[in-house]
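*Asks:* Predicted model, plus sequence, below.
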Amino acid sequence: MKENIFRGVIAAAVAGAAAYFQELALPVAVLFLVMVVDYISGMVRAWTRGELCSRVGIMGIVKKAAYLLAVVVAIVADWVVQTAAGQIEVDFGGFFFFGLLVTIWLVLNECISILENISQIGVPLPSFLVALIEKLKSTTENKGEELLK
């Protein structure tokens with residue numbers, strides 16, 4: 001009985017968060033997916049090089065958790081901006097700019113890490129792909145900095 005109540009509360013909380021953070025649901029899901037792929041590719045890279053270490057693996061998990069915390073902080077910043085704007089009757093329509101920007105930047109960062117891991121395993125990569133991902137990352141970073149000027 002208690003398990004069903006707990007599951008119901010968790011399901012309601014997740015559904016409520018998904019409804020509230022509509023445009024962030026897919027990017028955060030993609031971030032979670034690339035974080036898992038990056039962790040796995042990093043473990044494979046370490047294994048192939050004989051550098052597999054539980055301490056490094058745990059630090060990787062801590063780093064991924066910190067990424068999610070950064071997304072939460074960006075979402076809170078969006079909420080603060082929207083709440084303050086609402087006080088002066090300006091409506092942003094619930095758009096979470098900082099949350100989206102941080103999430104996309106982290107997705108691109110993880111993609112670069114995945115490509116680095118794959119390259120160090122010995123898989124040849126087209127240079128245009130690495131250049132494209134790095135260009136997207138720097139463009140995202142520059143757009144965020146332009147906003148704050």
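*Replies:* That came in fine, so what should we check first?

*Asks:* okay, CA-based contacts and neighbour counts for the rest of this
*Replies:* Fine.

*Asks:* Could you list every helix and strand in contact with the longest helix along the chain?
*Replies:* Counting residues, the longest helix found in the chain (DSSP state H) is helix 54-87. Of the remaining helices and strands, those touching helix 54-87 by 3 or more CA pairs under 8 Å, 6 or more residues apart in numbering; DSSP states H and E are helix 22-48, helix 97-121.

*Asks:* what mean pLDDT would you report for it?
*Replies:* In this model, helix 54-87 has an average pLDDT of 89.

*Asks:* So what angle separates the directions of that helix and helix 97-121?
*Replies:* Interaxial angle, helix 54-87 versus helix 97-121 (axes from the mean of the first three to the mean of the last three CA atoms, to 10 degrees): 160 degrees.

*Asks:* Pull the distance from helix 54-87 to the chain's centre.
*Replies:* 9 Å (CA atoms, centre = their mean, to the nearest Å).

*Asks:* Low-confidence stretches in the chain?
*Replies:* Counting by pLDDT under 70, the chain contains low-confidence ranges at 1-2, 8-21, 92, 94, 147-149.

*Asks:* coming back round to it: make TSV out of the helices and strands packed on helix 54-87 and add distance to residue 60 and mean neighbour count.
*Replies:* Formatted as TSV, the helices and strands packed on helix 54-87 follow (distance: least, CA to CA, whole Å; neighbours: other CA atoms under 10 Å):
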stretch	distance to residue 60	mean neighbour count
helix 22-48	7	18
helix 97-121	12	20
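
*Asks:* any chance of these in JSON lines, plus distance to residue 76?
*Replies:* Below are the helices and strands packed on helix 54-87 laid out as JSON lines (distance: least, CA to CA, whole Å):
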{"stretch": "helix 22-48", "distance to residue 76": "13"}
{"stretch": "helix 97-121", "distance to residue 76": "8"}
